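In: below is the structure, and that's it, no one-letter string:
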């Protein structure tokens, strides 16, 4: 068994938000390999989130953010995150996370929460544009290119598919999964609104 350095445990905890015991376990199972331990914690977090995904989210929190300051705001954002209990909704760490997502929305201006919300006619219109763009490419490659461009569209326009501007190592979906694993409740973004002066 590899000796686990307490500094590595604390560093892993800081970078992932996982509990001390989970960090120790992940480092132990990966023989102290820091990057592999991070990947393992992400896998565990995904499994925990999957198990909780069917649980009802009848409580939640609404958080607002104004940029650059409330007195001189040109952009305002409001986000509703649903969770299972009022106790979790009042969790300061969760509220900080939702505020960070508000800041992300202010900067990145997503149009939808997830790709499931994108209307079918919008997807078809995008595909038609992409097909026109690749019509001179070899036929077997055209559909692959179109699907790749569509994936990029989702990453640009869907909140949970965007790379988190405050942590460019993960997408918003992964940050939410990590929060679910850490807090132990199902949660999801219910809706958001972004307002900008001059648009």
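Out: Looks like it came in fine. No experiment lies behind these values; they were computed from the predicted model shown. Numbering: from 1, shown residues only.
In: from residue 126, how far off is residue 132?
Out: For residue 132, the distance to residue 126 under the criterion Cβ to Cβ, to the nearest Å works out to 11 Å. Where you see a C-beta, it was placed from the backbone N, CA and C, and this is true even at glycine.
In: more crowded one of those two?
Out: Between residue 132 and residue 126, counted using other Cβ atoms under 10 Å, the more crowded position is residue 126 (18 against 9).
In: quick one: low-confidence ranges for this structure?
Out: By pLDDT under 70, the weakly predicted segments of the chain are 1-2, 17, 45-53.
In: for it, which segments are assigned as strands?
Out: When assigned using DSSP state E, the strands of the chain occupy the ranges 59-67, 75-83, 187-196.
In: can you tell me which of the ones you listed is most buried?
Out: By mean neighbour count, with neighbours taken as mean count of other Cβ atoms under 10 Å, strand 75-83 ranks first of the strands of the chain at a mean of 20.
In: check what contacts that strand and list those residues.
Out: With Cβ atoms under 8 Å, 6 or more residues apart in numbering as the test, strand 75-83 has contacts from 57-67, 89, 94, 98, 101-103, 105-106, 183, 185-197.
In: what's the spacing between the residue sitting furthest away from the middle of the chain and residue 143?
Out: Computed with Cα atoms, centre = their mean, the residue of the chain farthest from its C-alpha average is residue 136, at 36.2 Å. If you measure residue 136 against residue 143 using Cβ to Cβ, the figure is 14 Å.
In: over to residue 15?
Out: Between residue 15 and residue 143 the distance is 39 Å, computed by Cβ to Cβ.
In: for the closest residue to residue 117 other than its chain neighbours, name its beta-bridge partners.
Out: Computed as Cβ to Cβ, 6 or more residues apart in numbering, the closest residue to residue 117 that is not its neighbour in sequence is residue 158, at 7.4 Å. Listed beta-bridge partners, residue 158: residue 112 (assigned using DSSP bridges).
In: isn't residue 158 up against residue 109?
Out: No: with the criterion set as Cβ atoms under 8 Å, residue 158 and residue 109 do not qualify as a contacting pair; they are 11.7 Å apart.
In: more neighbours: these two, which one.
Out: residue 158 (21 against 16).
In: and stretch 166-176, end to end?
Out: Using Cα to Cα, to the nearest Å, the end-to-end distance of stretch 166-176 comes to 13 Å.
In: mind listing what's buried along that stretch?
Out: Residues of stretch 166-176 classed as buried under the neighbour-count rule (16 or more other Cβ atoms under 10 Å) are 171, 172, 173, 174, 175, 176.
In: and what of stretch 98-111?
Out: By 16+ other Cβ under 10 Å, the buried positions in stretch 98-111 come out as 98, 99, 100, 101, 102, 103, 104, 105, 106, 108, 109, 110.
In: over to stretch 122-130?
Out: Neighbour counts using 16+ other Cβ under 10 Å place 126, 127, 130 of stretch 122-130 among the buried residues.
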